[in-house]
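Student: I need the structure of the sequence given here:
(chains A and B)
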Amino acid sequence: MSGGTDTAQFSAVVVVGLLVLFYGGTFLISTRIGKREENADGYMTAGNNVGFGISAASMTATWIWASSMYASATSGYTYGISGPIHYGLWGALMILFIYPFGKRIRKVAPKAHTLAEVMYARHGRSSQLMLAGSNVVGSLISLMSNFIAGGVLISLLSPFNFIQGVVCVAAGVLLYTLWSGFRASVMTDFVQVVAMLGAVAVIVPFIFFAAGFPAAFETGADNLTPQQGNFFSSEAFMGQGAPYIAAVLAYAIGNQTIAQRLFAVKESLIKPTFITATIGYGAMVIGIGMLGVLALYLGFEPSGGDLNNLIPEMAAEYLPPALLALFFIMIVGALSSTADADLAALSSITMADVYGQGVGKEKADPKTMLLVGRITMVVATALGVTFASLQLSILDLLVFVGALWGALVFPVLASFYWEKVTNKAFTTSVLVALAVFLPVRFGWIPVDGAFGIVVDVLAVLGIGVVLGLMVFGFLGARAAKTVGVLAVLVSAPFAIGSLHEYATLCGSLVAYSVSTVICWAMSVRQEEGFDFSVIAERTGNFDDGGAAAATADGQGEAPPVPGRAQRPGGAPDAGDLEPAAHTK
Amino acid sequence: MTVALSVYVLMWPVAVAVILFVISRGFFREWLEARRNGQDMI
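Tutor: Now for the predicted structure:
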């Protein structure tokens, strides 16, 4: 059997009608909440007071992008019955595992707008730039991917071509996000998530029965290899699950869209919001991934062998026109909710990290800040459309950004709990981790000799770091150290000598371990500690006319590197680029 | 085996429907509360 979408499924009028319905509806919602005089803090975090319903909907909608649906179905089609679990479960756990850290982050920075802004308050400019830079690149990639997904969908199901589809989606998202920013993003997310979840609840069972299941489980069993038919497939775990486990914390830390929602939700509602979003994301993405499993049993072959065509062609094959329209809205909703979150994230970074911290917190003009945010959205949309139109290969860039996020995890998290971490330790550890990651990931140095053993040892340490950090969030330092050490001891006999064969997994683990070891080694002997209460002072609202004086000299310049000024003799060492103050 | 696979595939849309209910209930409760208090929801 092969996909049958050589001809358009919708007429131009129908597609235009659906797009007008969707983007017109979301635009109307944004006008209902729009204010003549928008507030800069509201534009970035909606006043840090968003309720459970909107927050949970927004977190779910933002984390589900079109690519996650396609990739989950691809995983089901490639790895068989466990494939969607190995995609959706770990993606969902990214949300869950970040929530205990989120509670700590909100405690030390209750009114912050971006994680990079907090890093500026905690360390200084270089740490902030690393985090903000990785956030910007990540959001631009995400924006471009969602525009591409929209262009492909529209070109596949209508007479319009790819470029026309990209422009339609980009214009629609910008239309409803531009004026009210994050407030519009989260408010429309509720409608979008209702459409998406409602569609999955109906479409998956409909295709299941329309395609002849459950009988097809018997007739199509021969289409599966033994590994594909095994729920505990080692191929699925090593090919899909394990690299994703390593990425769980990295993607959540590196993604400003999650941080923004973390700063927006009422502090008391962080836990239920994150747990609901975890289950919502997991159920939705795994549910869509089951279409890939069904396709595998049916012997369904996507046209051109392109697995991105799998879901649209399954839908076109088995759904009646009304449900196909619902499917169309589901995909458009998924890509739009993530794209609007990316626009809001990018605007927040330029507003808070570039403009706000650049001119100084108490000097920042909220009206100028809003203008900066809106210009950012327009420019980002134009860049997204341009990159999407060029159909650039983003794989290498994505790999690099993922490694940067992996290298950032320990230094960022430690900076919220451990008063000894310094700017120099943060920056050095991330840069060295990246320098080690690159030859490992891209095979620049042969790994079949001694270097391979070194890589394996570092990767095993990385396993301990990843699992230790996951446990630390929920159970504290002692349990984390125990689990980390046990993970290293248990995995070492199996992993050393063979783990370097999995370059993607190994690269991520090495990034974790190197940054952790260096950050720890450079920080552990610090005598002075950082006063965490300083962060709340430095990251308050911009519309309040600034929080308390941001710096000792009142100029709003870069914050201190802890432990410098109070050293005997008072002279900072040669590596100091920023003044010192506010140490315990 | 067929029954187990059917349950395995169809349990996810059911879970999705439950989450949809939970999120919608939370949203409308907050919407009503905001209206009662004469405040903006966001």
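
Student: The closest residue to residue A:103 other than its chain neighbours is in what secondary structure piece?
Tutor: Nearest residue to residue A:103, sequence neighbours excluded (CB to CB, 6 or more residues apart in numbering or on different chains): residue A:270, at 5.5 Å. From N, CA and C alone the C-beta is placed, and that goes for glycine too. Here residue A:270, judged by DSSP states H and E, is contained in helix A:270-298.

Student: ok now that helix, how far from the chain's centre?
Tutor: Centroid displacement of helix A:270-298 relative to its chain, using CA atoms, centre = their mean, to the nearest Å, is 16 Å.

Student: same question, stretch A:349-357
Tutor: The chain centre lies 20 Å from the centre of stretch A:349-357; the measure is CA atoms, centre = their mean.

Student: Look at it and report the distance between its end residues.
Tutor: End-to-end distance for stretch A:349-357: 10 Å, by CA to CA, to the nearest Å.

Student: average pLDDT across that stretch?
Tutor: Stretch A:349-357 carries an average pLDDT of 93.

Student: Show me the contact partners of that stretch.
Tutor: The contact list for stretch A:349-357, computed with CB atoms under 8 Å, 6 or more residues apart in numbering or on different chains, reads A:40, A:43-44, A:113-114, A:116-117, A:120, A:128, A:132, A:135-136, A:139, A:256, A:364, A:368-370, A:372-373, A:376, A:542, A:556.

Student: what distance separates the host helix or strand of residue A:344 from the centre of its chain?
Tutor: Using DSSP H and E, residue A:344 maps to helix A:321-348. With CA atoms, centre = their mean as the basis, helix A:321-348 stands 16 Å off its chain's centre.

Student: Compute the inter-axis angle for it and helix A:270-298.
Tutor: Helix A:321-348 and helix A:270-298 are oriented at 140 degrees to each other (axes from the mean of the first three to the mean of the last three CA atoms, to 10 degrees).

Student: What residues does the spatially most central residue of chain A make contact with?
Tutor: Central residue of chain A (CA atoms, centre = their mean): residue A:255, 4.0 Å from the mean position. Applying CB under 8 Å, 6+ apart, we find residue A:255 in contact with A:135, A:138, A:345.

Student: Tell me where chain B has helices.
Tutor: For chain B, the helices defined by DSSP state H cover B:2-36.

Student: tell me, how many neighbours does residue A:215 end up with?
Tutor: Residue A:215 has 10 neighbours, counted by other CB atoms under 10 Å in any protein chain shown.

Student: List the residues that contact it.
Tutor: Applying CB under 8 Å, 6+ apart to residue A:215 gives the contacts residue B:2.

Student: what phi and what psi does the backbone show at residue A:81?
Tutor: Note on residue A:81: backbone dihedrals following degrees, to the nearest 10 are phi -70, psi -20.

Student: Would you mind measuring from it to chain B?
Tutor: Using CB to the nearest CB, to the nearest Å, one obtains 7 Å as the distance from residue A:81 to chain B.

Student: ok, that residue touching residue A:227?
Tutor: No - assessed by CB atoms under 8 Å, residue A:81 is found out of contact with residue A:227, at 10.2 Å.

Student: who has more neighbours, these two?
Tutor: For the pair residue A:81 and residue A:227, the greater number of neighbours falls to residue A:81 (23 against 15), based on other CB under 10 Å.

Student: thinking again about what came up before, can you name the next helix or strand after the helix holding residue A:344?
Tutor: Helices and strands here follow DSSP H and E; after helix A:321-348, the next one along the chain is helix A:357-359.

Student: sorry, back to before: can you redo the contacts of residue A:255 as CSV with distance to residue A:295, neighbour count and pLDDT?
Tutor: As requested, the contacts of residue A:255 are exported to CSV (distance: CB to CB, whole Å; neighbours: other CB atoms under 10 Å in any protein chain shown; pLDDT from 0 to 100):
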residue, distance to residue A:295, neighbour count, pLDDT
A:135, 36, 28, 92
A:138, 30, 24, 88
A:345, 34, 29, 96
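
Student: so which of those residues comes closest to residue A:495?
Tutor: Closest approach to residue A:495 among the contacts of residue A:255 (CB to CB): residue A:138, at 28.8 Å.

Student: Quick check: chain neighbours aside, which residue is closest to the closest one?
Tutor: Using CB to CB, 6+ apart and skipping the chain neighbours, the partner closest in space to residue A:138 is residue A:401 (5.2 Å).

Student: Report the contact partners of that neighbour.
Tutor: By CB under 8 Å, 6+ apart, residue A:401 lies in contact with A:134, A:137-138, A:141, A:254.

Student: quick one on the thing from earlier: these two touch, right, the residue nearest to residue A:103 and residue A:261?
Tutor: No - counting by CB under 8 Å, residue A:270 sits too far from residue A:261 to count as a contact (9.7 Å).

Student: These two: which is more packed in?
Tutor: Taking neighbours as other CB under 10 Å, residue A:270 and residue A:261 compare with residue A:261 leading, 33 against 19.

Student: What helix or strand is the more buried one located in?
Tutor: Here residue A:261 sits within helix A:256-264, counting by DSSP H and E.

Student: Any idea how far that helix is from the middle of the chain?
Tutor: Centroid displacement of helix A:256-264 relative to its chain, using CA atoms, centre = their mean, is 10 Å.
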